[in-house]
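# Got a sequence here, can you model it:
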Amino acid sequence: MSAAVDAGGFAPWQQRIFAQTRATLDAQRLGHALLFCGPALLGKRAVADALAAHVLGAARDPRVTQLLAAGSHPDFHPVSFVPTKDGTKLRTEIVIEQIRGLSDKLSLTPQYGQAQVAIVDPADAINHAACNALLKTLEEPQPGRHLWLVAANPARLPATIRSRCQRIEFRLPPRDEALAWLTARGHAEADAVEALDAAKGHPGLAADWLDAGGMALRREVHRDLAGLAKGELAAVATAQRWAGDEQAGARLRHAADLALARAAALTDPAGIAKLAAWFDAANRTRDLLRTTVRADLAIAELLLGWRGAVARP
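Numbering: from 1, shown residues only. Okay, the predicted model is just below:
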């Protein structure tokens, strides 16, 4: 992703953070290392990109915007997942070679102006060796060099890295603001309310579900769980269907959410404990999908336990 971002297209919560951070940067009250953190899908990277364009002088020189849009600005250094050695897929970690290469670039004199900006996203995917290399870069700042980390799960970063960064926090906006933003995107109010409730007030997640059929998938998962509980569906066949496309992880996320909602409606401690255990198992199964495990077998084991998890004494 380039740093060419129109801040005028921001959601209200993005615009607030952008304006506040820009003002603080202009007043030179921020250090060289920033940590943009908060839930995924709230626009952290878009704000970081727009701030990078500001720091690099887009307002003063239209060519900056053109270079950023083309991905060729010599003083903008994005770091993210790169292809594996065989080129068949992307790595799931940011590795030490990438951080060393970034450090080398930041040690050079800016080519186009007085500043360089590096954005590492997702920073919570930096592996241990790369974290050690990053720490050295953080400890040896040079004037005009900005090193910004973007992370939905900042707790995964070592405390030594977090402590050297100033945090730019993204939080869920007020419900009325989130609902107004969803309806302004063209969604019917009833659909927006349903999605926002399902997403626990997270407008970015609600928009993602509304735009990409996620709410229909959630209803499908709800029907499947109901059928499994009644014995109308077979766990193995359902698992094979869930694992049969690219939506297995999304289905498990919805299933975990629905289990949690069901537990919240109970007063029986034993019933709550069973659903909480199943919720944990659903999240572990979702993590397993990132490994070489057979997805249908892992999901089948989970679904075989659903009927027992919801059985009333």
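# dump the residue contacts of residue 297.
residue 239 (C-beta atoms under 8 Å, 6 or more residues apart in numbering). Every residue, glycine included, has its C-beta placed from N, CA and C.
# Distance-wise, check it relative to residue 187.
Distance, residue 297 to residue 187, using C-beta to C-beta, to the nearest Å: 38 Å.
# With residue 259 instead?
Distance from residue 259 to residue 187, counting by C-beta to C-beta: 26 Å.
# Residue 17 now?
Taken as C-beta to C-beta, the span from residue 17 to residue 187 is 23 Å.
# ok, now residue 243?
For residue 243 relative to residue 187 (C-beta to C-beta), the value is 30 Å.
# who touches residue 118 in this structure?
Shown in contact with residue 118 (C-beta under 8 Å, 6+ apart): 76-79, 102, 105-106, 145-148.
# Give me the three-state assignment for it.
Using DSSP: H, G, I helix; E, B strand; the rest coil, the secondary structure recorded for residue 118 is strand.
# what's the nearest residue to it if we skip its chain neighbours?
residue 77 (4.1 Å; C-beta to C-beta, 6 or more residues apart in numbering).
# Surely that neighbour and residue 107 touch.
No - between residue 77 and residue 107 there is no contact under C-beta atoms under 8 Å: 11.6 Å.
# Run through this protein and note the low-pLDDT ranges.
For the chain, residues meeting the criterion pLDDT under 70 lie at 1-8, 313.
# Let's see that with 50 instead.
1-6 (pLDDT under 50).
# and the residue nearest the centre of it, what does it touch?
A centroid search over the chain (C-alpha atoms, centre = their mean) returns residue 40, at 3.0 Å, as the residue closest to the centre. Applying C-beta under 8 Å, 6+ apart to residue 40 gives the contacts 152, 204-205.
# ok, back up a step: could you check which of residue 259 and residue 187 is surrounded by more residues?
The residue with more neighbours, out of residue 259 and residue 187, is residue 259; 24 against 20, by other C-beta atoms under 10 Å.
# Leaving out the residues flanking it, which one is nearest to the more buried one?
Closest to residue 259 by C-beta to C-beta, 6+ apart is residue 279, at 4.6 Å.
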